[in-house]
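Student: Provide a 3D model corresponding to the input given below.
(chains A and B)
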Amino acid sequence: PPAHSHSDWIGPPDKHSNLRPIIFYVPPEESALERRLREARQEAQASNQRFWARHNRAFRQEKEEFIYSRLKAKGLEMKDESGQKATLNAEEMADFYKDFLSKNFKKHLQYNRDWYKRNFRITFLMGQVALVRALRWLRWRKKLEQ
Amino acid sequence: GLLVCHLRSTGVRQIPCRLVHLYHEANDRLITFQYFNFLKRMYVTRCNKDLSQRAKPKSSSIVSPFHELQQLDQEKKVVHKISQVSPVHQSWSETSSRSELREIKSAAETEDSVIPVGTESKEDRRWKEMKLQLEDLPGILARLSKIKLTALVISTTSAGFAMAPVPFELTRFLLASLGTGLASCAANSINQFFEVPFDSNMNRTKNRPLVRGQISPLLAVCFAASCGIPGIALLTLGVNPLTGALGAFNIFLYTCCYTPLKRMSIANTWVGAVVGAIPPVMGWTAATGSLDAGALLLGGILYSWQFPHFNALSWGLREDYSRGGYCMMSVTHPGLCRRVALRHCLALIGLSTVAPVLDITTWTFPIISLPINLYISYLGFRFYRDADRSSSRKLFFCSLWHLPMLLLVMFTCKKSVLEKEDKGNLPGGSHEMAMEIRLP
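Tutor: Numbering: from 1, shown residues only, chains lettered A, B, ... in the order given. This next block holds a predicted model:
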């Protein structure tokens, strides 16, 4: 993002986590409240990134392992004659999807709790910052009129 | 497109006989005929919207191989241009390199103008300023409130209103529709507010406004409040408190029960079916002011419809659900998923037969609706037996036209208010008596 910009910038989805990273703008006269908001958002972003990158990597890896083991059981190789990667159809993959979901169930419950808490906190802080800014602007307008 | 034409043609064929039948009645039937026309148009457009809305996940999967080729093409072009520039690139300042990049992009974009899919992927790769542009706001809010789904909800509410055995009141109808629409916008916005990281990880939902950072979560919540509160107030004060209460309850059910439950248990599907069933009930209570058997029957029909519709859709999304951590029957209990879909297709036949018993429609309704109900049950059975992608897709696309058609047939077979007055002398009088008391 350009150096002169006064706003946050959001980028394309991350390859591993599919989340879009945000680069936060730090205003020179950032209040304590605004700093708390920015730090909360940065922390949430980092935590989300860590979780999903790890989770998606595990998914891809376990999926490969599953395909490999199933193909081996069928007596096939990973790549067929034309050099294309052999895949299983959706019905065969269904067992893997079911398994993966139940294995990660507790992890998701924990993540959900954390995400909801963070989301509410960040939105509440945003509300506070917006309110303070609005009051400040009203006071400034009043001063101008006087 | 094909399905819409089919619907239109059947509608047109029906009109002549309807016309003759209706013009023989009294004046207020004229209003209902115009209303029927309007409703038919709405159903047709809804079918269209439905197709365009639901078809998106499918079309995106169909288009994507092509889309990927486009992407690769453009990437090759850009890479080629950048590699040409690179030796000189290092010596330039940051700003001029960016202007160079912009030039390349604009060159690529002029080529892209014929291929809109390509430009979208280009746009996706750029860093964007998180500043809200006012001209983008209507589009963003439309996507935030899932405007097409909201339109669907409004039309099921209108169906409930239309089926109620009371004379049609336009203002009440409009207030009920508007209130329900606002409530639906609010519920959908809160749903998206809760689901940002999960939506980012699923193909179907990764282009939502909050995921792309086009709007802040605070604004999303404010928008939801500014839709929900006036919406419920409108229903409670402008229509009746019962409808308002149902609307508020539905928002609560959708945002606080269904949305978190999606990640905890497969029971979410049943809760979601109730959420879908409540709007027609709201339409009915808006018209009559009371929750009677007819309302529950209409709700029941929509409740049962949700299962073949959703279970078939979820069959193709199993990978995304599994990775995203969503507890859906199609992933955890595939046999149950198909059984439930079939069960509810058959239930639709049963419910259609109950309609004339409750004096909502004439006996022609179960007879006319039998073919379409049998057809969806047949597809439900095929899905149950074959359990593959093609049978699930067939069932899903059938459900898209089945519901509007069923509601349309229901409306054309609606027992006229005047008929009921005449039938006061006939046996089975208790129902008619109740109707007479309700008539103004």
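Student: From B:R212, how far out is the closest residue to B:N191 other than its chain neighbours?
Tutor: Computed as CB to CB, 6 or more residues apart in numbering or on different chains, the closest residue to B:N191 that is not its neighbour in sequence is B:T259, at 5.2 Å. Where C-beta positions appear, they are placed from N, C-alpha and C, glycine not excepted. Taking CB to CB, to the nearest Å as the measure, B:T259 falls 20 Å from B:R212.
Student: Need the residues that contact stretch B:208-219.
Tutor: Identification of contacts with stretch B:208-219 by CB atoms under 8 Å, 6 or more residues apart in numbering or on different chains yields A:8, A:10, A:20, A:22, A:119, A:122-123, A:126-127, A:130, B:128, B:130, B:132, B:136, B:140-141, B:143-144, B:192-193, B:196, B:199-200, B:205, B:220.
Student: change it to 6 Å
Tutor: The contact list for stretch B:208-219 (CB atoms under 6 Å, 6 or more residues apart in numbering or on different chains) reads A:10, A:123, A:126-127, B:130, B:140, B:143-144, B:192-193, B:196, B:199-200, B:220.
Student: Can you classify the nearest residue to B:D136 once chain neighbours are set aside by secondary structure?
Tutor: In this structure, B:D136 finds its nearest non-sequential neighbour in B:Q214, 6.9 Å apart by CB to CB, 6+ apart. What DSSP: H, G, I helix; E, B strand; the rest coil gives for B:Q214 is coil.
Student: And for B:Q214, the neighbour number?
Tutor: B:Q214 has 22 neighbours, counted by other CB atoms under 10 Å in any protein chain shown.
Student: Could you identify the buried members of the contacts of stretch B:208-219?
Tutor: A:10, A:123, A:126, B:130, B:140, B:143-144, B:192-193, B:196, B:199-200, B:220 (16 or more other CB atoms under 10 Å in any protein chain shown).
Student: Now tell me which of these the prediction trusts least.
Tutor: Minimum pLDDT across these is recorded for B:M130, with 85.
Student: mind checking how far it is from A:P1?
Tutor: Taking CB to CB, one finds B:M130 at 10 Å from A:P1.
Student: ok so, going back, kindly provide the distance from the residue nearest to B:D136 to B:Q192.
Tutor: 12 Å.
Student: Equivalent analysis for A:K103, please.
Tutor: Using CB to CB, A:K103 is found at 28 Å from B:Q192.
Student: Same question for B:V354.
Tutor: 37 Å.
Student: go on, A:F105?
Tutor: Plainly put, A:F105 is 24 Å away from B:Q192 if you go by CB to CB.
Student: cool, and B:G238?
Tutor: Taken as CB to CB, the span from B:G238 to B:Q192 is 27 Å.
Student: what about the closest residue in space to B:C413 that isn't next to it in sequence, how many residues close to it?
Tutor: Spatial nearest neighbour of B:C413, excluding adjacent residues (CB to CB, 6+ apart): B:F365 at 3.8 Å. B:F365: 22 surrounding residues under other CB under 10 Å.
Student: I'd like the next helix or strand past the helix or strand encompassing A:R41.
Tutor: Using DSSP states H and E, the element containing A:R41 is helix A:32-74. Sequence-wise, the next helix or strand downstream of helix A:32-74 (DSSP H and E) is helix A:90-103.
Student: which ones are touching B:C257?
Tutor: Counting by CB under 6 Å, 6+ apart, B:C257 has contacts B:V271.
Student: how much space between it and B:C222?
Tutor: Look at B:C257 and B:C222: by CB to CB, they are 23 Å apart.
Student: got the domain boundaries for chain B?
Tutor: Domain segmentation of chain B under the TED database yields B:133-290, B:292-416.
Student: Kindly reformat those as a markdown table containing distance to A:E30.
Tutor: Below are the domains of chain B laid out as a markdown table (distance: least, CB to CB, whole Å):
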| stretch | distance to A:E30 |
| --- | --- |
| domain B:133-290 | 17 |
| domain B:292-416 | 35 |
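Student: relative to helix A:32-74, how tilted is the helix or strand of chain A with the lowest mean pLDDT?
Tutor: Lowest by mean pLDDT, DSSP states H and E among the helices and strands of chain A is helix A:90-103, with a mean of 87. Interaxial angle of helix A:90-103 relative to helix A:32-74 (axes from the mean of the first three to the mean of the last three CA atoms, to 10 degrees): 130 degrees.
Student: Let me know the next secondary structure element after helix A:90-103.
Tutor: In the C-terminal direction, the helix or strand that comes right after helix A:90-103 (DSSP H and E) is helix A:105-145.
Student: What is that next one packed up against?
Tutor: For helix A:105-145, the packing partners by 3 or more CB pairs under 6 Å, 6 or more residues apart in numbering or on different chains; DSSP states H and E come out as helix A:32-74, helix B:217-233.
Student: Within range of chain B, give me the residues from chain A.
Tutor: A:1, A:7-12, A:18-19, A:48, A:59, A:90, A:97-98, A:100-101, A:108, A:112, A:123, A:126-127 (CB under 6 Å from any CB of the partner chain).
Student: Report the buried members of those residues.
Tutor: A:8-11, A:18-19, A:48, A:59, A:90, A:97-98, A:100-101, A:108, A:112, A:123, A:126.
Student: ok, back up a step: what's the angle from the helix holding A:R41 to helix B:217-233?
Tutor: With the same axes, to 10 degrees defining the directions, helix A:32-74 sits at 90 degrees from helix B:217-233.
Student: other SSEs contacting helix A:32-74?
Tutor: helix A:105-145.
Student: just how off-centre is the helix it packs on within its chain?
Tutor: 19 Å (CA atoms, centre = their mean, to the nearest Å).
Student: Just give me the closest of the contacts of stretch B:208-219 to B:R338.
Tutor: Closest approach between the contacts of stretch B:208-219 and B:R338, by CB to CB: B:D199, at 26.9 Å.
Student: That closest one: which element?
Tutor: Per DSSP H and E: helix B:196-200 holds B:D199.
Student: Do a quick rundown of the strands in chain B.
Tutor: B:128-129 (DSSP state E).
Student: rewinding a little: okay, the angle between the least confident helix or strand of chain A and helix A:105-145?
Tutor: Using the same axes, to 10 degrees, helix A:90-103 lies at 70 degrees relative to helix A:105-145.
Student: Just give me how far helix A:90-103 sits from the chain centre.
Tutor: 23 Å.
Student: So which residues make contact with it?
Tutor: With CB under 6 Å, 6+ apart, helix A:90-103 has contacts from A:F66, B:R318, B:S322, B:V331, B:T332, B:R389.
Student: low pLDDT regions in the chain?
Tutor: Because you didn't say which chain, this covers chain A. Residue ranges of chain A with pLDDT under 70: A:77-86.
Student: try again with chain B
Tutor: If you take pLDDT under 70 as the line, chain B has these spans: B:1-124, B:417-440.
Student: which bits of the stretch 251-400 of chain B sit near chain A?
Tutor: So far as CB under 6 Å from any CB goes, the stretch 251-400 of chain B lies against chain A at B:R263, B:R318, B:S322, B:R323, B:G325, B:V331, B:T332, B:R389.
Student: Got phi/psi on A:I10?
Tutor: phi -120, psi 140 (degrees, to the nearest 10).
Student: which one is it nearest to, not counting chain neighbours?
Tutor: Per CB to CB, 6+ apart, closest to A:I10 is B:G213, 3.7 Å.
Student: Could you count how many residues lie near the one you found?
Tutor: If you count neighbours by other CB under 10 Å, B:G213 ends up with 18.
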